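# Pasting the sequence and the predicted model now:
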Amino acid sequence: MTITPVPRVALVGVHGYGANHLDRLVTRHRRGEVDLVALADPAPLAEPLDGVPQFDALDDVLAVQAPDVVVVSTPLHTHADLASRALRAGAHVLVEKPATADLPSFEALLALAAERERWVQVGFQSLGSAALQHVRRRVAEGRIGEVTGYSAAGCWLRTRAYYDRAPWAGRRRLAGRVVADGALTNPLAHAVATVLAVAGAQRLEDVTGVETDLFHVNDIEADDTSVARARLVSGHEVVVAVTLAATDVGEPFVTVTGTGGTIRLHYAADVVVEEVPGRPPLVTRHQRTDLVDDLLRAVRTGERPLSPIEDAGGFARVQDAVVNAPAPRRIDPRFLRRVEFGDGDVGLQLPGVEEAVQRAVTEGKTFTELGLEWAVTAR
Ligand SMILES: NC(=O)c1ccc[n+]([C@@H]2O[C@H](COP(=O)([O-])OP(=O)(O)OC[C@H]3O[C@@H](n4cnc5c(N)ncnc54)[C@H](O)[C@@H]3O)[C@@H](O)[C@H]2O)c1
């Protein structure tokens, strides 16, 4: 009988989204599925965990431990460096999305993972959903005829507290480093990654060109109301339209449009709606695999995980276009509405943006091409 050793796991970044990773790792640790050997964060936990040492930095962990897996849940511009250090120390890595903040560091991390023969799983958790396979299968079976286009739409609201929570929030660059914390590349990055996955355009070479149309409503450097249109090597186009200034917040979704119908994936809910004229909509619900569990399986079996770094290449192309685009244009305040929340937080909304997002994805046009007044007057 072979005895599989319990994988040693370290977590880098324990607050913010890292707190979710911490909760789940502690549960696995208590069940004996992993050995949580260290936490690294310059801001330690107020209440240390029994038997789990805390360090200020990943390097301090690697000086005394050899984790099998390192989970990185830190600011975007620190991912490349931390993931590389973990790989060089022999660990497999789960790095939160996006894998890196820019294309050169993406290519370097991709090459390092291949050289070290280690998995780098990127935390696009929607790629752990069985809904993706379902959509791809239905499309391949011709259920909606010939595909004419792919799109993704997302209408969220992010308030001042969101942008005030960290110095890197809403930044394109910080202290000379690319951060790329815009709507397309961070909060609604799943929309981009998921539509590219549905379209089979996950590798770097699958995306041949990207146009962007970037705006901001909030007092930030990055975009919060944006369109990206990507051309794929397959000949198809992918259009993503998003906003963080919605008046009517909803679940983001990916749509595959065909000559005979549409398939819509509500990726945050793992729900797929297939609509073909003359038939009632077919609604299906799907299971999701947690990406840390999936990485642990890949480490154990040697089989490919569900969201390896090479499958974030299409996303990295879109991110690169956003990083290198001219600065997002500010939407004139006369188009905006200020909302106050009971806790003193405030948000800015762009009334009508939901319809603009819908038009952008159905007509395949940018906000500027649609001639929207708030877009053409922005500067
Ligand atoms: N998958 C998702 O749905 C999802 C959702 C939200 C955030 N995220 C991702 O999680 C990551 C963290 O985002 P956040 O909003 O929690 O950020 P944050 O800035 O709020 O928190 C990051 C944590 O990392 C720590 N940290 C910073 N630099 C560090 C370093 N060099 N070494 C160790 N720890 C360090 C900070 O002290 C903090 O505890 C980002 O990549 C973000 O995109 C993913």
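Now that the structure is in, tell me what you want to look at.

# Just the pLDDT for residue 5.
Here the pLDDT value assigned to residue 5 is 86.

# Give me the three-state assignment for residue 10.
Assigned state for residue 10: strand (three-state reduction, DSSP: H, G, I helix; E, B strand; the rest coil).

# Tell me how many other residues surround it.
28 (other Cβ atoms under 10 Å). The way it works is simple: take the backbone N, C-alpha and C, and place the C-beta from them, glycine included.

# That one and residue 35 touch, don't they?
No. Applying Cβ atoms under 8 Å as the test, residue 10 and residue 35 come out as separate, 9.9 Å apart.

# can you pull up the bridge partners for the closest residue to residue 217 other than its chain neighbours?
Leaving aside its chain neighbours, residue 217 sits nearest to residue 245 (4.2 Å; criterion: Cβ to Cβ, 6 or more residues apart in numbering). Per DSSP bridges, residues listed as beta-bridge partners of residue 245: residue 157.

# Could I get the contacting residues of residue 245?
Residue 245 makes contacts with 157, 158, 217, 218, 224, 225, 336, 347, 348, 349, 350, 353, as judged by Cβ atoms under 8 Å, 6 or more residues apart in numbering.

# Tell me the spacing between it and residue 254.
Taking Cβ to Cβ, to the nearest Å as the criterion, residue 245 is separated from residue 254 by 21 Å.

# can you list the residues of the stretch 1-150 of the chain near the ligand?
Counting by Cβ under 6 Å from any ligand atom, the residues of the stretch 1-150 of the chain close to the ligand are 12-18, 40-43, 57-58, 73-76, 78, 96-97, 123, 125.

# how about the strands in the stretch 151-300 of the chain?
Taking DSSP state E, counting those that start in this stretch to define them, one finds strands in the stretch 151-300 of the chain at 173-174, 177-178, 207-216, 225-232, 237-243, 253-258, 261-266, 271-275, 282-285.

# most packed of those?
The highest average neighbour count among these, using mean count of other Cβ atoms under 10 Å, belongs to strand 237-243 at a mean of 27.

# List the buried residues in the host helix or strand of residue 318.
Under DSSP states H and E, the secondary-structure element containing residue 318 is helix 313-324. Residues of helix 313-324 classed as buried: 313, 314, 315, 316, 317, 318, 319, 320, 321, 322, 323 (neighbour count, 16 or more other Cβ atoms under 10 Å).

# in its sheet, what does the very next helix or strand once past it sit against?
Sequence order places strand 329-330 as the next helix or strand after helix 313-324, per DSSP H and E. Take DSSP bridges as the rule and strand 329-330 pairs in its sheet with strand 207-216 (parallel).

# what subset of the buried residues of helix 313-324 is also close to the ligand?
Within these, nothing lies near the ligand by Cβ under 6 Å from any ligand atom.

# As TSV, those with pLDDT would be great.
TSV is the format used below for the buried residues of helix 313-324 (pLDDT from 0 to 100):
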residue	pLDDT
313	98
314	98
315	99
316	98
317	98
318	98
319	98
320	98
321	98
322	98
323	98
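
# Switch those over to CSV, and while doing so, append distance to residue 238 to every line.
As requested, these are arranged in CSV below (distance: Cβ to Cβ, whole Å):
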residue, distance to residue 238
313, 14
314, 9
315, 11
316, 14
317, 11
318, 9
319, 14
320, 15
321, 12
322, 14
323, 18
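
# Surely residue 98 and residue 188 touch.
No. The pair residue 98 and residue 188 does not pass the contact test of Cβ under 8 Å, sitting 11.5 Å apart.

# Now for the closest residue to residue 127 other than its chain neighbours, how many residues are close by?
Leaving aside its sequence neighbours, residue 127 sits nearest to residue 307 (Cβ to Cβ, 6+ apart; 4.2 Å). A total of 28 residues lie near residue 307 under the criterion other Cβ under 10 Å.

# Tell me who's in contact with residue 307.
For residue 307, the contact set (Cβ under 8 Å, 6+ apart) comprises 121, 122, 123, 124, 125, 127, 128, 291, 294.
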